[in-house]
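> build the 3D model from these lines:
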Amino acid sequence: MRKLLIPIQGDYVAPRFDLAVELLIVRFSDDGQEEPRTIIMERPSEEALCQMIVEEQVTDLVCGGIDEVHYNFLLWKKVDVIDGVIGGWCRALEKAVCGDLKAGEILLNGEGALAL
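Numbering: from 1, shown residues only. Predicted coordinates for the structure are as follows:
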């Protein structure tokens with residue numbers, strides 16, 4: 001069983017890890033996934049978010065921009081970080097659960113994706 005966290009802003013992956021206050025968490029395995037749950041933080045804080053990731057035993061993080069210090073901390077804590085993702089969180093979640101999401105990916109077309 002794996003646990004994925006995506007900082008979100010509306011229908012999109014939050015552009016910056018350090019400013020995110022809305023978090024989507026979902027548990028998944030080869031057998032499927034549970035219903036995602038949303039957590040609203042009182043205020044943006046990279047340190048509080050990193051602490052929550054460790055306490056919640058998150059195994060995977062999908063995010064937009066993230067500071068190198070926090071990126072390295074999460075890697076040290078054995079969290080798989082896919083950063084630089086731009087687009088809708090629904091599509092990012094779908095691709096992450098399938099193992100198809102890559103760092104720096106721009107998600108176009110589909111629900112919650114960027115329309116150009």
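> worst-scoring helix or strand of this protein, pLDDT-wise?
With mean pLDDT, DSSP states H and E as the measure, the helix or strand of the chain carrying the lowest mean pLDDT is strand 32-33 (a mean of 80).
> any weak-confidence spans in the chain?
Counting by pLDDT under 70, the chain has low-confidence residues at 109-116.
> now the helices: where do they sit in it?
With DSSP state H as the definition, the chain shows helices at residue ranges 46-55, 68-76, 89-98.
> out of those helices, the one nearest V62 is which?
helix 89-98 (5.2 Å; Cβ to Cβ). (C-beta placed from N, C-alpha, C; glycine too.)
> run through who's touching that closest one.
Contacts made with helix 89-98 from outside it, assessed by Cβ atoms under 8 Å, 6 or more residues apart in numbering, are listed as 4, 6, 8, 11-13, 24, 26, 28, 33, 36, 60, 62, 82, 85, 101, 105, 107, 110-113.
> just the buried positions in it, please.
Residues 89-97 are the ones in helix 89-98 that count as buried (16 or more other Cβ atoms under 10 Å).
> can I get those in JSON lines including distance to L49?
Rendered in JSON lines, the data for the buried residues of helix 89-98 read as follows (distance: Cβ to Cβ, whole Å):
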{"residue": "W89", "distance to L49": "16"}
{"residue": "C90", "distance to L49": "21"}
{"residue": "R91", "distance to L49": "22"}
{"residue": "A92", "distance to L49": "17"}
{"residue": "L93", "distance to L49": "18"}
{"residue": "E94", "distance to L49": "23"}
{"residue": "K95", "distance to L49": "22"}
{"residue": "A96", "distance to L49": "18"}
{"residue": "V97", "distance to L49": "21"}
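> my guess is Q33 meets I25, correct?
No. Between Q33 and I25 there is no contact, the gap being 11.0 Å when judged by Cβ atoms under 8 Å.
> which residues touch I25?
When contacts are counted by Cβ under 8 Å, 6+ apart, I25 is found next to 3-5, 36-39, 56, 58.
> start and end of stretch 39-56, how far apart?
Stretch 39-56 has an end-to-end distance of 12 Å (Cα to Cα, to the nearest Å).
> can you pull up the bridge partners for the spatially most central residue of the chain?
Centrality entry for the chain: nearest residue to the mean C-alpha point is I6, 2.1 Å, by Cα atoms, centre = their mean. According to DSSP bridges, L24 are recorded as the beta-bridge partners of I6.
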